[in-house]
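*Asks:* Below are the sequence and a predicted model; questions follow.
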Amino acid sequence: MRVFVAGASGAIGARLVPQLAGRGHQVIGTCRSPGRAQRLQALGAEPIVLDLLDSRAVRKAIADTTPDAIIHQATALAGLSDFKHFDRSFAQTNRLRTEGTDALLAAAREAGIRRFVAQSYACHRYARQGGPVKTEDDPLDPAPVPAMRQTEAAMDHLDQAVTGAGGIALRYGNFYGDPDDGLVQAVRTRKFPIVGDGGGVWSFIHLDDAAAATILALGHDGPGIYNIVDDEPAPTSAWLPELAKIIGAKPPQRFPRLLARLFAGQAPVVMGTESRGAANAKAKRELGWTLRYPSWRQGFADTYT
Ligand SMILES: NC(=O)c1ccc[n+]([C@@H]2O[C@H](COP(=O)([O-])OP(=O)(O)OC[C@H]3O[C@@H](n4cnc5c(N)ncnc54)[C@H](OP(=O)(O)O)[C@@H]3O)[C@@H](O)[C@H]2O)c1
């Protein structure tokens, strides 16, 4: 298959391109600069420089490269650090998830491409009531905290637009697997505290497992939404001290909710205390997905020690 990967030079794209090429697919990979294009070529893709927010350029790129399938992995999350002004920090990513998705879907429609897989997100999205772990059928948070409303709405838009067009939205867990992961740096420097009781449940996924699931989704008929997460959703009070131990950092600081809210805003407090995790049974059952790292415990240890 000829596969067009938008955002091929990012964390997940760079794992996905070699896996696709290794399975005999021809990969067209996008990035935004010639320097990155060279790296993409080395990974096994035919590189093109493309701004996903330029819908005319998107249309031309798809028409010129004649892919059989499109994978949307473009985000603008590099160097993110301000979670207090959540929507402001995610503004460009939100545009890529709304305008970028719409541009790719329109180009796909015009070119008669039916296979479409896009990056969505599983964490901090499900309703903060009931059990700690949610399936794809469970409701999303009907009242996200004000600072995250635009970001949540952009992910909802992506899920609906992609599945409405017959495609597949993959709600990935929190990525890990890169040696210089931002989360790991924050834990190393003790900038990631346990807030309140640390009861917010997080789901993780190793980048290689996320890439493997993406390739399986490419061979599957849509529409569909899948949680692409590992087998062990865990409260912050469990995974955060364990990660600190694995990387040889001091134990995380502890902040009462009120103090954390004052310093860091409402979004990090809710993520650390109320978030729900995600279940992966549907992806295993319907995509035939198996994980190399069923638990972040082993994955963190193998990656960061
Ligand atoms: N589920 C998750 O937990 C999750 C999801 C996404 C990212 N992250 C994390 O966020 C950090 C940064 O992610 P990242 O390394 O993937 O970088 P990123 O800055 O989010 O970029 C991802 C991809 O999108 C492309 N891109 C950005 N703006 C674009 C635009 N306007 N048009 C077309 N393409 C565009 C980038 O191209 P260039 O390379 O040319 O900039 C890159 O290929 C990593 O630590 C990653 O693990 C986590």
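*Replies:* Arrived safely.
*Asks:* okay, CA-based contacts and neighbour counts for the rest of this
*Replies:* Fine.
*Asks:* The chain against the ligand: which residues are in contact?
*Replies:* Within the chain, the residues that sit near the ligand (Cα under 6 Å from any ligand atom) are 7-12, 31-33, 36, 50-53, 74-78, 121, 172-175, 181-182.
*Asks:* Sort out which residues of stretch 51-63 are buried, please.
*Replies:* Buried residues in stretch 51-63, defined by neighbour count with 16 or more other Cα atoms under 10 Å: 51, 52, 53, 55, 57, 58, 59, 61, 62.
*Asks:* Not counting sequence-adjacent ones, nearest residue to whatever residue of the stretch 101-250 of the chain ends up closest to the ligand?
*Replies:* Nearest to the ligand in the stretch 101-250 of the chain, going by Cα to the nearest ligand atom, is residue 174, at a distance of 3.3 Å. Counting by Cα to Cα, 6 or more residues apart in numbering, residue 204 is the residue found nearest to residue 174 once chain neighbours are left out, at 4.5 Å.
*Asks:* what about that neighbour, how many neighbours?
*Replies:* Using other Cα atoms under 10 Å, residue 204 has 28 neighbouring residues.
*Asks:* Also the one 5 residues further on?
*Replies:* Burial of residue 209, expressed as a neighbour count using other Cα under 10 Å, amounts to 23.
*Asks:* Can I take it that it is in a helix?
*Replies:* Yes - counting by DSSP: H, G, I helix; E, B strand; the rest coil, residue 209 is found in a helix.
*Asks:* Can you pull out the residues in contact with the helix or strand where residue 183 lies?
*Replies:* Assigned by DSSP states H and E, residue 183 belongs to helix 182-188. The list of residues contacting helix 182-188 from outside it, by Cα atoms under 8 Å, 6 or more residues apart in numbering, reads 79, 192, 240, 243, 244, 247, 248, 249, 250, 252.
*Asks:* Based on its surroundings, how many neighbours for the residue of the stretch 101-250 of the chain closest to the ligand?
*Replies:* By other Cα under 10 Å, 19 other residues sit near residue 174.
*Asks:* Roughly how far does it sit from residue 253?
*Replies:* 21 Å (Cα to Cα, to the nearest Å).
*Asks:* just residue 165 next, same as before
*Replies:* Applying Cα to Cα to residue 165 and residue 253 gives a distance of 46 Å.
*Asks:* Counting neighbours, go ahead and name the busier of the two.
*Replies:* With neighbours defined as other Cα under 10 Å, residue 165 and residue 253 compare such that residue 165 has more, 17 against 13.
*Asks:* biggest helix in this protein, by residue count?
*Replies:* If you go by DSSP state H, the chain has its longest helix at helix 149-164.
*Asks:* Check which helices and strands that one sits against.
*Replies:* helix 86-89, helix 91-95, helix 101-111, strand 115-121, strand 168-172, strand 224-228 (3 or more Cα pairs under 8 Å, 6 or more residues apart in numbering; DSSP states H and E).
*Asks:* Adding mean pLDDT and distance to residue 127, write those out as TSV.
*Replies:* Output for the helices and strands packed on helix 149-164, formatted as TSV (pLDDT from 0 to 100; distance: least, Cα to Cα, whole Å):
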stretch	mean pLDDT	distance to residue 127
helix 86-89	96	18
helix 91-95	98	20
helix 101-111	98	24
strand 115-121	98	14
strand 168-172	98	15
strand 224-228	98	15
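*Asks:* can those go into TSV with extra columns for mean neighbour count?
*Replies:* Shown next, in TSV, are the helices and strands packed on helix 149-164 (neighbours: other Cα atoms under 10 Å):
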stretch	mean neighbour count
helix 86-89	19
helix 91-95	19
helix 101-111	20
strand 115-121	25
strand 168-172	27
strand 224-228	26
